[in-house]
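Trainee: Have a look; sequence and predicted model below, questions after that.
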Amino acid sequence: MCSLGFSQLSVRNNAYVYVSDEIVFVEDDINLNEAASTIYLRDEGQVIQGTGTTGNSGVGELSVYQDGNVGAYEYNYWCSPVGSKTSNNTNNPFGVTFLNDIVDVTNSNPASVVHLPGYNGTANPLQIELYWIWKFVASDEYSDWVHVTDGTSINPGEGFTMKGTAGTSTNNSGDNQNYDFRGKPNTGDIAVSVLANQFTLVGNPYPSAMDAFEYIHDANNQATITGTLYYWEQNPAVNSHNINQYDGGYASYTIDATGTVETYTPATFRTYDGEGNINGTSGTAPTGKTPRRYIPVGQGFMVEGTATGDVIAKNSHRVFEKESSSDSEFFKTTSGKDAKTSQDEYHTIPEDFKRFRLNIDFNDNYTRQIVETMHPTATFGFDYGLESAINQSDILNSDAYWFPEAKPFLAEALPYDETMRIPLVIKVQNNMPIRVRISDIQHFNESQPIYLHDKTNNTYYNLRTQSFETNLEKGTYNDRFEITFINNNTLALDVDVIFNDFKIFQNNITAELKLVNPNNLTIKSLTVYDVTGKQIIINNLNSNNSEVSQSTKHLSDGVYIAQVETENQQNITKKIIVKQNN
């Protein structure tokens, strides 16, 4: 790999520049003068331009590849690195007819952009289904998606949706479709309108990677967006175009002002009704893709506005970072150059920060993950680059989130204090079991407990050694749960100690639920719930026997939640599986 630099770059007549696995830096403008004047970017080759203000010109074209998603039923969010080929010195709108089907390293054929039977695009020949191309500017209403038809252009910097293709591309492995973007390369400041509390689909508009740090912390953008980028992810196993069968969600990403603390949360997949409103969740786990600092060519994402104005991409945000590196990933389901290992899955943070994540499981069906970051510079107000809100319209019927200043957050930042109490909101649509687990514990002393405090029962659960499980009745619990670092219950032992030897297990041979109580705790009651939250067994025991048995012969095969309450109103919860031996 090498780098080439020019103050200006002019390609004339039928000459071409072929860039393979390297960077070409041009301080000012690129002139692709004639129709046959071409720049080919191959094998992750990229072009970066400097602070010159002339603007690119000519009727020639730049060609750059990017892979799309698997299958014909899922969306990628895109942003074009090129626009129409006119001789003016401005960035021009993009049309999907600029997408091409690759023949060889320098040649391609224009893709067909048409309406097809069944609404499925095809890989060979490359035919793009026009119906699935939409853009979204400054709104929070599903009805405000703008359909990009033959008469609608996509302005520079605007993102757009496009579904993949059916069949196997002849130019790529598996079902991933490789597209050849051809047109005049974008350069300079590229602005897209935003409004307060509204979302806009934007993206990386350049034929090079873009640094999310530079983009998020640009002075203009700090004044107009929340600082979080939202990436769409969709379940590739759902083969339907009906919106009420869609299954997907948004992962979030932000980065702090030092550029050393990256904060993301994975998508929680949800389903939709026929009007595009969130209907529920499917229980499908996301595919494990992680937003990363360097935004690849063609990547689209959502931003939320904080004021009326523009979010701006600039040449100063551009960087040469190959997509095959560990710090860049096109946000899609794929393999090959985009497949990343689990190395630094959660982004390691500097040692003067502390961090943990909570995974809240609802009815063993799906999980919401939220993250807490702590540092002396964090405040009790909004910390740009460290915190990510969840829009009210994106909250699921059963969900969990932090609640600073009475606003829901997926990622929260606070100054660490051992005596602090961090409110956790959990809401459930119906009676159901929930579980709270902890992960990604960074830079806490190993002996420091991290408790979930159930204020209703005044019980403390050290999440570092055990998960918290309980059954909740329908409702929103704004003031019941909190995270603490000190057990303030001086009248009771730590739950870890009390429950250390207590066991709950199902013996399907004898059709009995067994409670093993070697420390002779006084057990007030045993309650068994089915997966809908319905109470199946209620037994007021008031027993301190070392072993208690409960018949389960009358229960149907399935999953249940057993909950034991002690005399100190402390709960022990365990999932059991009943299988009758007929």
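Mentor: Happy to help now that I have it.

Trainee: and the nearest residue to D256 once chain neighbours are set aside, how many neighbours does it have?
Mentor: For D256, ignoring the flanking residues on the chain, the nearest one in space by CB to CB, 6 or more residues apart in numbering is G385 at 4.2 Å. (Each C-beta comes from the backbone N, C-alpha and C, glycine too.) Neighbour count for G385, taken as other CB atoms under 10 Å: 22.

Trainee: Give me the buried positions along stretch 90-97.
Mentor: Using 16 or more other CB atoms under 10 Å as the test for burial, stretch 90-97 gives N91, N92, F94, G95, V96.

Trainee: and the closest residue in space to the third one that isn't next to it in sequence, how many neighbours?
Mentor: What that stands for is F94. Excluding the flanking residues, the one nearest F94 by CB to CB, 6+ apart is S80, at 3.8 Å. By other CB under 10 Å, 31 other residues sit near S80.

Trainee: Now do S80 against T281, distance only.
Mentor: Plainly put, S80 is 33 Å away from T281 if you go by CB to CB, to the nearest Å.

Trainee: hang on, isn't I486 packed against T419?
Mentor: Yes: I486 lies in contact with T419 (CB atoms under 8 Å); the separation is 6.2 Å.

Trainee: Compare those two and say which is more crowded by neighbours.
Mentor: Counting neighbours by other CB under 10 Å for I486 and for T419 shows that I486 has the greater number, 14 against 8.

Trainee: residue contacts, the more buried one?
Mentor: By CB atoms under 8 Å, 6 or more residues apart in numbering, the contact set of I486 is E418, T419, Y451.

Trainee: Quick check: pLDDT value at W132.
Mentor: Confidence at W132, expressed as pLDDT, is 93.

Trainee: For G533, see how far away it is.
Mentor: Distance, W132 to G533, using CB to CB: 39 Å.

Trainee: Between these two, which is the more surrounded one?
Mentor: W132 (22 against 18).

Trainee: which residue packs closest to the more buried one, ignoring adjacent ones?
Mentor: Leaving aside its chain neighbours, W132 sits nearest to K163 (4.0 Å; criterion: CB to CB, 6+ apart).

Trainee: Can you tell me the number of residues neighbouring that neighbour?
Mentor: K163: 24 neighbours (other CB under 10 Å).

Trainee: what is it paired to in the beta sheet?
Mentor: Y75 (DSSP bridges).

Trainee: I154 too?
Mentor: F94.

Trainee: and the residue nearest to T522 when sequence neighbours are not counted, what is it in contact with?
Mentor: Once flanking residues are discounted, T522 sits nearest to E567: 4.0 Å by CB to CB, 6+ apart. Listed by CB under 8 Å, 6+ apart, the contact partners of E567 are L521, T522, I523, K524.

Trainee: Run through the bridge partners of Y461.
Mentor: Using DSSP bridges, the beta-bridge partners of Y461 come out as L452.

Trainee: cool, and V47?
Mentor: V24.

Trainee: residue contacts, it?
Mentor: 19, 23-26, 30, 39, 41, 62, 185, 206-208.

Trainee: rewinding a little: the residue nearest to D256 reaches T260, doesn't it?
Mentor: No: with contact defined as CB under 8 Å, G385 does not reach T260; the gap is 10.7 Å.

Trainee: so what does the helix or strand hosting T161 touch, helix or strand wise?
Mentor: Element membership of T161 [criterion: DSSP states H and E] is strand 159-163. With contacts defined as 3 or more CB pairs under 8 Å, 6 or more residues apart in numbering; DSSP states H and E, the packing partners of strand 159-163 are strand 75-79, strand 134-135, strand 199-203, strand 300-304.

Trainee: now the shortest one: how far from the chain's centre is it?
Mentor: Relative to its parent chain, strand 134-135 has a centroid offset of 20 Å by CA atoms, centre = their mean, to the nearest Å.

Trainee: Please spell out which residues along stretch 384-397 are buried.
Mentor: Buried residues in stretch 384-397, counted by 16+ other CB under 10 Å: Y384, G385, L386, E387, S388, A389, I390, N391, D394, I395, L396.

Trainee: which residues touch the nearest residue to the first one once chain neighbours are set aside?
Mentor: With CB to CB, 6+ apart as the measure, G227 is the residue that lies nearest to Y384, at 4.6 Å, once sequence neighbours are left out. The contact partners of G227, taken as CB under 8 Å, 6+ apart, are I216, H217, N221, T254, Y384, G385.

Trainee: For G45, state which of those residues is nearest.
Mentor: Nearest to G45 among those: I216, at 26.1 Å, using CB to CB.

Trainee: wait, that closest one sits on A257?
Mentor: No: between I216 and A257 there is no contact, the gap being 9.1 Å when judged by CB under 8 Å.

Trainee: quick revisit: in which helix or strand does the residue nearest to D256 reside?
Mentor: Secondary structure from DSSP H and E places G385 outside every helix and strand.

Trainee: From Y294, how far out is it?
Mentor: From G385 to Y294 the distance is 16 Å (CB to CB).

Trainee: show me where the protein has helices.
Mentor: 212-216, 219-222, 495-498 (DSSP state H).

Trainee: Averaged pLDDT, the first one. What do you get?
Mentor: Helix 212-216 comes out with an average pLDDT of 98.

Trainee: what's next to it, contact-wise?
Mentor: By CB under 8 Å, 6+ apart, helix 212-216 touches 221-222, 225, 227, 229, 253-255, 259, 293-295, 313-314, 316-317, 319, 385.

Trainee: For the residue nearest to F94, give me phi and psi.
Mentor: phi -80, psi 140 (degrees, to the nearest 10).

Trainee: my guess is it contacts F181, does it?
Mentor: Yes: contact criterion CB under 8 Å: S80 and F181 qualify, at 6.1 Å.

Trainee: ok, now which ones touch T522?
Mentor: Counting by CB under 8 Å, 6+ apart, T522 makes contact with N542, S543, N544, T566, E567.

Trainee: how's this protein carved up into domains?
Mentor: Following automatic domain parsing, one finds the domains of the chain at 3-338, 354-493, 499-578.

Trainee: By mean pLDDT, point me to the weakest helix or strand of this protein.
Mentor: Sorting the helices and strands of the chain by mean pLDDT, DSSP states H and E puts helix 495-498 at the bottom, at a mean of 51.

Trainee: What's the local residue count around the closest residue to R435 other than its chain neighbours?
Mentor: Of all residues not flanking R435 in the chain, D361 sits nearest, at 4.1 Å (CB to CB, 6+ apart). When neighbours are defined as other CB under 10 Å, D361 has 17 of them.

Trainee: Tell me what D361 is bridged to.
Mentor: For D361, the beta-bridge partners are T367, R435 (DSSP bridges).

Trainee: Might one say that it is in contact with R437?
Mentor: Yes: the pair D361 / R437 is scored as a contact, 7.1 Å apart, by CB under 8 Å.

Trainee: From P449, how far out is S393?
Mentor: For S393, the distance to P449 (CB to CB) stands at 36 Å.

Trainee: that older thread, what's the overlap in contacts for I216 and A257?
Mentor: Here I216 and A257 have G385 as joint contacts, going by CB under 8 Å, 6+ apart.

Trainee: Quick check on those two: which one has the bigger neighbour count.
Mentor: Taking neighbours as other CB under 10 Å, I216 and A257 compare with I216 leading, 26 against 16.

Trainee: The more buried one and V371, how far apart?
Mentor: In terms of CB to CB, I216 sits 17 Å off from V371.

Trainee: before we move on, back to that, turn the buried residues of stretch 90-97 into a markdown table, including distance to F481 and pLDDT.
Mentor: Shown next, in a markdown table, are the buried residues of stretch 90-97 (distance: CB to CB, whole Å; pLDDT from 0 to 100):
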| residue | distance to F481 | pLDDT |
| --- | --- | --- |
| N91 | 50 | 96 |
| N92 | 53 | 95 |
| F94 | 48 | 94 |
| G95 | 51 | 88 |
| V96 | 48 | 86 |
